[in-house]
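A.B. asks: Sequence unavailable; structure follows:
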Ligand SMILES: Cc1cc2nc3c(=O)[nH]c(=O)nc-3n(C[C@H](O)[C@H](O)[C@H](O)COP(=O)(O)OP(=O)(O)OC[C@H]3O[C@@H](n4cnc5c(N)ncnc54)[C@H](O)[C@@H]3O)c2cc1C
Ligand SMILES: Cc1cc2nc3c(=O)[nH]c(=O)nc-3n(C[C@H](O)[C@H](O)[C@H](O)COP(=O)(O)OP(=O)(O)OC[C@H]3O[C@@H](n4cnc5c(N)ncnc54)[C@H](O)[C@@H]3O)c2cc1C
Ligand SMILES: Cc1cc2nc3c(=O)[nH]c(=O)nc-3n(C[C@H](O)[C@H](O)[C@H](O)COP(=O)(O)O)c2cc1C
Ligand SMILES: Cc1cc2nc3c(=O)[nH]c(=O)nc-3n(C[C@H](O)[C@H](O)[C@H](O)COP(=O)(O)O)c2cc1C
Ligand code: FES
Ligand code: FES
């Protein structure tokens, strides 16, 4: 028997495989394919205070080993969530994490206050890749001051586990990890999508209605892995690795580089069972390598070097 | 007959397809496969003042739709270049651009002075992705002050065409493009490699001797394209697009997004004839779309939007 | 109906012309009760350019044989790779996905309109309608007679009318100009094909107060309502083509 | 010899055991004059996991038939994809690449040492030596007798000695412990196989003042000296395995 569990403070996860926000809906979309209670946790689709219609079609473009999306946080808002979705996710048998988003710090605060009261949501993931309207649309997560502020304000009103999800579109992601750790984040997750673009050469137009969009999938894995390694070596809080994880071997790269857990994103589109397969693969690997606790492999490459 | 030429100031290029530094050797490596005089130009392998042995093996790792490299600028230095390589590249029948690199601003200056005297080198490409020793190894190209300084100092001693090659590992690449334009760069080329990493899960070790390395190939194309589009909309000097260009269609994405020319990098490893095939494809496309001058398609997506 | 992910076996690959082919698929488990208009998310193996699955409609179903068909037109590398599959090859599908065409009311006169490879879902729809006692008319539009595919099959379902752009078969022109649209009265039209065609048919239907359903072919990532990439702007807001569609009543679309 | 990029046709794919196979290739143009030790950069189509070409040695050449062979051991997705090629399939190669084993001097006693799929370049080398009047001994090491490949072919070239790790054929143990190494005197050893084996043979040779050349299998991107990825640390500094090698005299290596 191997121990696959990990913890963020006193919040225990039965294993290190979570699903990434925006790629797993509210979980129930995958009911026909897997038993979500097998997973360490699921991060729900990004929620905002008010309902959002998101961006115009086309919102998606395929790229080499990846995809661009410009969904723009289409969701029905927190009221609808509380009334109609929360009752459905209550009994999932795994940790349900809400991913929160806003255009103003006040949005984040209001959301965090509301979610603080939802008994079965033990953690939020603060998505700071959203454009900060007061900063002319520059993402909270690409400006140290904004990142600090939003984390501080949310921390002040939110008493459960706070995971801050970092943007990779920065010169030095370690600075951001340190700042949010200082402000009381219990964990950081990374990476969110890389800002990218695609052009439809036949029609001589941008492939996305928004011209630029977020790149995800295996293409981003090397960048994600580098950032996770840098951050894991710089902070004390647990790091959750995200970015292009398609197989158990991809997940292990992140764990060996220092991530305590991983989130599976785009992979769920190609194989809705990816997350559970990855979990099985990790368990087998640990057994085969002769370890008994996943903690023994977290950050292993630093020790052997 | 379509006009494929473009110019950097008064330096004319017969067409917009160049090869990227470090991926085309000194050109002669490709003699058996293509006639370099067909190309708009070739950018030679990165040169330093002193000879460099580069990094330890392994220096390369394959990644999804891309590769990481950690060559570390292995080259024989400028003395050797002048004596043994320059005479060979003299008569290539295309623009020969030198890619210069240093650990101190003084290195760049010394190199630029030397190369200024080489009659058949009409331009240098200033690679500012090198670690700046005085800034603790932070790349010149990820710090606005360093980027400004190195450009200014090289500009002061170099009278021919100065292309500054930008690093993509920054929050806002437009700031860097503007700064080097202000300091007198005649053109910017982008992107250099994205900082990435790969772990060998079987051996539980980093795949590269240097742990992190530079990501290139199709995987980076969406990020490169986004940056080229941003920069082309922000500066007046010609922009040279680089990153994951494998086919004429990839090259056209960059041209349509605003690049005046492109560099073909990693593609030459997979097909040494990539650059000439891309050139042919661009020409056919322009004819088929009913244009007569490549300038008509440069930045087309901005006009149609 | 539960969605499933399954490895199916290719038991036939019939090439109809240069760029259209029909794959017949069968599996070890009983095929599901398909509804007309549904589709599958097909994984394309061995195509480095194809990262995501490709949505493909259910074209024809043979419950007796426990097999079904998909009709594919080569559009890019994904479909091209699929065209090379041979008997015994494995194809991984997530299916059945999406809503379906609604059943007409008793005594309704029904017309199916298809263009190009947009005819794919109409064969199964036609068979379904016939099994339920309807005798639909079928109006198919093609570029020219070399592009006509599966035309004979539709004769077993109802009256078939053809247009070709060059007049090489049937009436010359587009489906929207076919005389049957003025000669006969329909209560309900099901349409699948290029957007311009569907929009023209939608306008025609709205004008004549005919119930009209179209099957959209938006770009998809997940196909199961998780990513919100495949949206279509409707009077009810942005809906997902993959779960709220692909079949929409044109009155719900902002066309 | 000019390098070329060429589409060749697969005219044979012989599977030797679970994970080794020999592809025979032929083209429309005359095959080049290969030198023993050279390799090709093979493009692997239809494998999304294989971005770069794969370096593979020339295993055997038949000028009369205008064909040559490569022997491949499945290591990952690239070689696995190649294993599925069949007659008539096209394989794109950049070749011939690299330096070659040097020819021995007159009257030198020559030994070829190979391990696992490291025997690939030795067959062509052996034939080449034989054609030039040498009668080399051949020492091959395998894990067990199920792993022994192409063993018969080598008998046509010279005396063959075998070791297996489990003793299921030939002497038990590694090549370096085979009695022929003490029983006979050699002037020159050519070696290809796992690094540990090559290093052991190199140490043995240095110790006995035997000329020893090994063929290295470093990771490569370009294969033509352009990228500097494939370097090996030598007494002359970092050299490229692809153009300065793959064959190196062990005295030049910092082993
Ligand atoms: C619900 C649904 C059912 C479908 N049923 C069928 C079917 O039965 N038979 C069939 O042949 N095709 C069908 N399609 C379309 C099919 O999915 C695409 O042709 C296919 O995905 C193209 O993949 P590819 O890799 O060959 O081409 P790609 O290289 O992906 O695309 C080639 C070109 O087609 C364009 N394109 C591709 N897909 C779409 C799209 N969905 N909308 C608009 N433009 C697109 C691309 O932008 C590109 O220019 C269906 C689509 C949907 C959404
Ligand atoms: C000059 C030269 C000649 C070669 N000749 C032959 C030959 O004739 N027959 C043959 O079967 N193989 C030969 N090889 C090795 C062959 O190139 C690799 O086995 C192949 O590239 C593996 O590709 P893959 O996609 O199947 O596996 P991958 O998925 O790329 O690799 C599988 C595993 O093998 C490791 N690996 C792969 N290539 C190398 C390498 N070059 N060095 C160290 N580790 C490696 C990887 O790190 C990985 O762990 C040669 C290599 C060189 C450099
Ligand atoms: C369609 C789509 C929607 C996404 N929506 C969100 C979101 O609402 N909130 C968020 O923090 N991240 C969102 N992401 C980012 C993912 O959670 C993840 O960080 C990213 O996709 C990288 O992981 P991957 O490569 O495994 O997909 C979204 C990604 C995709 C592809
Ligand atoms: C092996 C290798 C070596 C490189 N060496 C240099 C170099 O010396 N100087 C430089 O400016 N860029 C260098 N680059 C970066 C390329 O010139 C190019 O900017 C990058 O690879 C992105 O383009 P691509 O995706 O088309 O390869 C190198 C890239 C590779 C793959
Ligand atoms: S394709 Fe993902 S929601 Fe429709
Ligand atoms: S593989 Fe590129 S130099 Fe050898």
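C.D. replies: Okay, I see it. Predicted model only: the values in this text are computed from it and were never measured. Ligands and ions are numbered 1, 2, ... in the order given.
A.B. asks: and chain A, which residues reach ligand 6?
C.D. replies: Neighbours of ligand 6 within chain A, by CB under 6 Å from any ligand atom: none found. In this view, the C-beta of every residue, glycine as well, is placed from N, C-alpha and C.
A.B. asks: how many neighbours does residue A:81 have?
C.D. replies: Residues within reach of residue A:81, counting by other CB atoms under 10 Å in any protein chain shown, total 23.
A.B. asks: For the residue nearest to it when sequence neighbours are not counted, give the beta-bridge partners.
C.D. replies: Distances taken as CB to CB, 6 or more residues apart in numbering or on different chains put residue A:47 closest to residue A:81, at 5.7 Å, once the chain neighbours are dropped. For residue A:47, the beta-bridge partners are residue A:100 (DSSP bridges).
A.B. asks: wait, residue A:47 sits on residue A:97?
C.D. replies: No: using CB atoms under 8 Å, residue A:47 is not in contact with residue A:97, being 11.0 Å away.
A.B. asks: how near is the closest residue to chain D within chain A to ligand 6?
C.D. replies: Taking CB to the nearest CB, chain D has its nearest neighbour within chain A at residue A:65, 7.5 Å off. Remark: distance between residue A:65 and ligand 6 (CB to the nearest ligand atom, to the nearest Å) = 22 Å.
A.B. asks: and the gap between that residue and residue B:14?
C.D. replies: 34 Å (CB to CB, to the nearest Å).
A.B. asks: With residue A:142 instead?
C.D. replies: 40 Å.
A.B. asks: Same check on residue A:184?
C.D. replies: According to CB to CB, residue A:184 and residue B:14 sit 60 Å apart.
A.B. asks: higher neighbour count, these two?
C.D. replies: Comparing residue A:184 with residue B:14 by other CB under 10 Å, the one with more neighbours is residue B:14, at 18 against 15.
A.B. asks: residues touching the more buried one, list them.
C.D. replies: Listed by CB atoms under 8 Å, 6 or more residues apart in numbering or on different chains, the contact set of residue B:14 reads B:4-5, B:40, B:94.
A.B. asks: What of residue C:104?
C.D. replies: C:110, C:129, C:134, C:187-188 are the contacts of residue C:104 under CB under 8 Å, 6+ apart.
A.B. asks: And for residue A:108?
C.D. replies: When contacts are counted by CB under 8 Å, 6+ apart, residue A:108 is found next to A:100-102, A:126, A:150, A:153-154.
A.B. asks: Return the member of the residues you listed nearest to residue D:64.
C.D. replies: Closest approach to residue D:64 among those (CB to CB): residue A:101, at 71.0 Å.
A.B. asks: quick one: average pLDDT of the host helix or strand of residue A:255?
C.D. replies: Counting by DSSP states H and E, the element that carries residue A:255 is helix A:248-257. The average pLDDT within helix A:248-257 is 98.
A.B. asks: Who wins on neighbours among the contacts of residue B:14?
C.D. replies: Neighbour max across the contacts of residue B:14 (other CB under 10 Å) = residue B:40, 23 neighbours.
A.B. asks: out of everything not next to it in sequence, what's closest to the closest residue to ligand 6 within the stretch 201-305 of chain A?
C.D. replies: Using CB to the nearest ligand atom, residue A:222 is the residue of the stretch 201-305 of chain A that sits closest to ligand 6, at 19.4 Å. Distances taken as CB to CB, 6+ apart put residue B:196 closest to residue A:222, at 3.0 Å, once the chain neighbours are dropped.
A.B. asks: of all of the stretch 151-255 of chain C, which residue lies closest to ligand 3?
C.D. replies: Closest contact between the stretch 151-255 of chain C and ligand 3, by CB to the nearest ligand atom, is at residue C:227 (4.2 Å).
A.B. asks: List phi and psi for that residue.
C.D. replies: Phi and psi for residue C:227, reported as degrees, to the nearest 10, are phi -100, psi -20.
A.B. asks: Tell me the pLDDT of it.
C.D. replies: For residue C:227, pLDDT reads 96.
A.B. asks: Also residue A:304?
C.D. replies: As predicted, residue A:304 sits at a pLDDT of 58.
A.B. asks: same thing with residue C:47?
C.D. replies: Confidence score, pLDDT, at residue C:47: 95.
A.B. asks: Distance-wise, check it relative to ligand 2.
C.D. replies: 17 Å.
A.B. asks: hey, where'd the helices end up in the chain?
C.D. replies: Using chain A. Along chain A, counting by DSSP state H, helices occupy A:77-80, A:86-89, A:105-116, A:144-157, A:173-182, A:221-232, A:248-257, A:267-270, A:274-288, A:300-304.
A.B. asks: hm, I was asking about chain C
C.D. replies: Per DSSP H, chain C carries helices over the ranges C:77-83, C:120-131, C:151-155, C:180-183, C:195-208.
A.B. asks: Format the ones you listed as JSON lines; extra columns: mean neighbour count.
C.D. replies: Below are the helices of chain C laid out as JSON lines (neighbours: other CB atoms under 10 Å in any protein chain shown):
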{"stretch": "helix C:77-83", "mean neighbour count": "19"}
{"stretch": "helix C:120-131", "mean neighbour count": "23"}
{"stretch": "helix C:151-155", "mean neighbour count": "15"}
{"stretch": "helix C:180-183", "mean neighbour count": "14"}
{"stretch": "helix C:195-208", "mean neighbour count": "17"}
